[in-house]
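[1] I would like the atomic coordinates for the input below:
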Amino acid sequence: MDTSSEEASEISDSELDEYEEDYYSMLKTGNHRVRNPDGTFRCPFCAGKKKQEYLYKDLLQHATGVGASNSRRAKEKATHRAFARYLKTDLADAAGSSQPAPVEQEQHAPKPSDDELFVWPWMGVLINVPAEEGGFKLGEKISDFNPVDVIPLGPGICQSERGAAVVRFNKDWSGFKDAMAFENHFKASHRGKKDWNERVGDGSGMFYGWIARDDDYNSKDIVGHHLQKHGELRTISDVTKEESKETGKIVAILANQIEVKNKYLQDLEFRYNVTALSLNRIMEEKDKLHQAYNEGMSTKLH
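    Predicted structure coming up:
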């Protein structure tokens, strides 16, 4: 008999229902990534599978099929039953817009203005984080956004025992792109900064996140203190100018190094020419001496 069937038969229907209920509650916290940036969907319980870009109807069919399969392990059936329920109950509005968003529509998020102040190096803020949640575990949950580090700060910003964390991204433009994708992900799930401000003290267990800006930097809480200690406020223009300045410095340094090497080569060439000239003179003197010696010997013999 198939081992997975044996495992499934060892769990009663009532126990399977309990597992399903537990996983459904976990999904409702919103801490499992379901939507992709391009508008498609993914199965959070099939993380190792190559296909992770489903249309809504295809993903619902996948979840329903696995949940009803007799050849699947009990845990797989419970997770996918819960997921199918979550799709039908909590993401039903996505059924009518299940086509992936065209590339142009991905740019609908408002672009930062030139005078908008961000914390640099680029950082993000995570709120409503369990106080016991470690940085490594948090980093795994947001690994799609390529964080360099996640620093849990503990309680101090929320009106509860839950805390906050600061997410560090790369300093370059790829890091800024990751930070904005991080913010847009939470915003699309109604867990952005505006949503948090409307639900301060939310005890649902859902994370809220956004890219750190001037108001976060200037806040008097634990997040503000950390941002002030490890970052500074810059506009996009500031970063661009600084980058250009650094590029100019690098070009100047390289040009100077080339000039120094050219002078060194010129000096070597001069020394070589002097040495070659000296050798020529020595050889000429040697030839003259040799010729004089031969002439003297010839005279004596006659």
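[2] and the gap between Gly65 and Leu91?
    Gly65 is 17 Å from Leu91, where distance means Cβ to Cβ, to the nearest Å. All C-beta atoms are positioned from the backbone trio N, CA, C, and that covers glycine.
[3] Among the two, which residue is more densely surrounded?
    Neighbours were counted for Gly65 and for Leu91 using other Cβ atoms under 10 Å; Leu91 has more, 18 against 12.
[4] Tell me the spacing between the more buried one and Asp221.
    33 Å.
[5] again, but for Gln291
    Counting by Cβ to Cβ, the gap from Gln291 to Asp221 is 97 Å.
[6] More neighbours: which of these two?
    Shown here are Gln291 and Asp221; by other Cβ under 10 Å, Asp221 has more neighbours (13 against 10).
[7] Give me the phi and psi for Pro130.
    phi -60, psi 140 (degrees, to the nearest 10).
[8] Against Lys57, how distant is the residue nearest to it when sequence neighbours are not counted?
    Among residues not flanking Pro130 along the chain, Arg162 sits closest, at 6.1 Å (Cβ to Cβ, 6 or more residues apart in numbering). Arg162 sits 36 Å away from Lys57, going by Cβ to Cβ.
[9] got it, and Arg213?
    From Arg213 to Lys57 the distance is 38 Å (Cβ to Cβ).
[10] Compare neighbour counts for the two and give me the winner.
    Arg213 (19 against 13).
[11] Please look at the more buried one and Trp120 and confirm they touch.
    No: using Cβ atoms under 8 Å, Arg213 is not in contact with Trp120; the gap is 10.8 Å.
[12] Could you list the residues in contact with stretch 167-184?
    Residues from elsewhere that reach stretch 167-184 (Cβ atoms under 8 Å, 6 or more residues apart in numbering): 37, 109, 112, 118, 120-126, 138, 142, 144-151, 192, 209-211, 239.
[13] Which entries within those residues meet the buried criterion?
    Buried members of these, scored by 16 or more other Cβ atoms under 10 Å, are 118, 120-126, 138, 142, 145-147, 150-151, 192, 209-211, 239.
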